[in-house]
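**Q** Sequence first, predicted coordinates after that:
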Amino acid sequence: MYYYSIILLTICISCFGCKKEKNKGRCICRDGLTPVLDAIRESDGLIIGSPNYLSEMTASFRALYERLIFQNLTYNAENPCCNERPIPVLLIMTSNAPDTAFVDMMRNYQQALNGFVGPTEIFVSGETLQLRDYSKTDWPWTMFDPEAKKKRHETIFPEECRKAFELGAALAK
Ligand SMILES: Cc1cc2nc3c(=O)[nH]c(=O)nc-3n(C[C@H](O)[C@H](O)[C@H](O)COP(=O)(O)O)c2cc1C
């Protein structure tokens, strides 16, 4: 029996369908994430990117993350993970805050992905531009220094894009 979601993509609904022997390692919730989870199961590597929203990864990322990890968690102390085919993972996050602001959070994600999906690299690009032209806002966005943002976008951001590309290429090898 499958559970159908009326929305395109949902979080883990704690149905414990993946904790039945016949579904072991498979989320049985049917929605927009089902083909994604199926494709990951067939893949040789996984690259996930998310912006930081309100000091966390986005809700869409969380939905994927919860169902990807939880389907492999057995709750069996001797053998807690039923993933028999670990694949390398690259997790990328962009943020307004500096790249050092979410170190603990990213390490937590890395640890969980290491344990339940495969060896995981993390990469953060912080202090992103967000707006091309800060002079056109309806009121002054005084929390930001537009000049510093622009300079960083032109100098450091291209380097970070190159680094992210290299990490992806290394994962593909
Ligand atoms: C709803 C929303 C919440 C956000 N919350 C945060 C936040 O808590 N911390 C942060 O560093 N950036 C936050 N941001 C900024 C995004 O992380 C940023 O726009 C994203 O990394 C992409 O950068 P870009 O717009 O320059 O491409 C938020 C953006 C939005 C739209």
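**A** Noted; the coordinates are in hand. Note that the structure is predicted; figures quoted are calculated from it, not measured.
**Q** so residue 48 makes contact with residue 63?
**A** No - between residue 48 and residue 63 no contact is recorded; they are 11.9 Å apart, counting by C-beta atoms under 8 Å. In short, each C-beta sits where N, CA and C put it, glycine included.
**Q** Show me the strands in the protein, by range?
**A** Using DSSP state E, the strands of the chain run over 3-4, 29-30, 46-53, 56-57, 89-94, 120-125.
**Q** deepest of those, which one?
**A** strand 89-94 (a mean of 21; mean count of other C-beta atoms under 10 Å).
**Q** List the contacts of it.
**A** 45-52, 57, 102, 106, 109-110, 113, 117-126, 128, 164, 167-168, 171 (C-beta atoms under 8 Å, 6 or more residues apart in numbering).
**Q** quick check: angle from that strand to strand 46-53?
**A** For strand 89-94 against strand 46-53, the angle between stretch directions is 20 degrees (axes from the mean of the first three to the mean of the last three C-alpha atoms, to 10 degrees).
**Q** and strand 89-94, anywhere near the ligand?
**A** Yes - on the criterion C-beta under 6 Å from any ligand atom, strand 89-94 is in touch with the ligand at residue 94.
**Q** Can you name the residues of this structure sitting close to the ligand?
**A** Residues of the chain lying close to the ligand by C-beta under 6 Å from any ligand atom are 51-55, 94-97, 128-130.
**Q** Can you add pLDDT and give those back as TSV?
**A** Compiled in TSV, the residues of the chain next to the ligand are given as follows (pLDDT from 0 to 100):
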residue	pLDDT
51	98
52	98
53	98
54	98
55	98
94	98
95	98
96	96
97	96
128	97
129	97
130	95
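**Q** Closest to residue 27 out of these?
**A** When the residues of the chain next to the ligand are compared for distance to residue 27 (C-beta to C-beta), residue 53 wins out at 23.2 Å.
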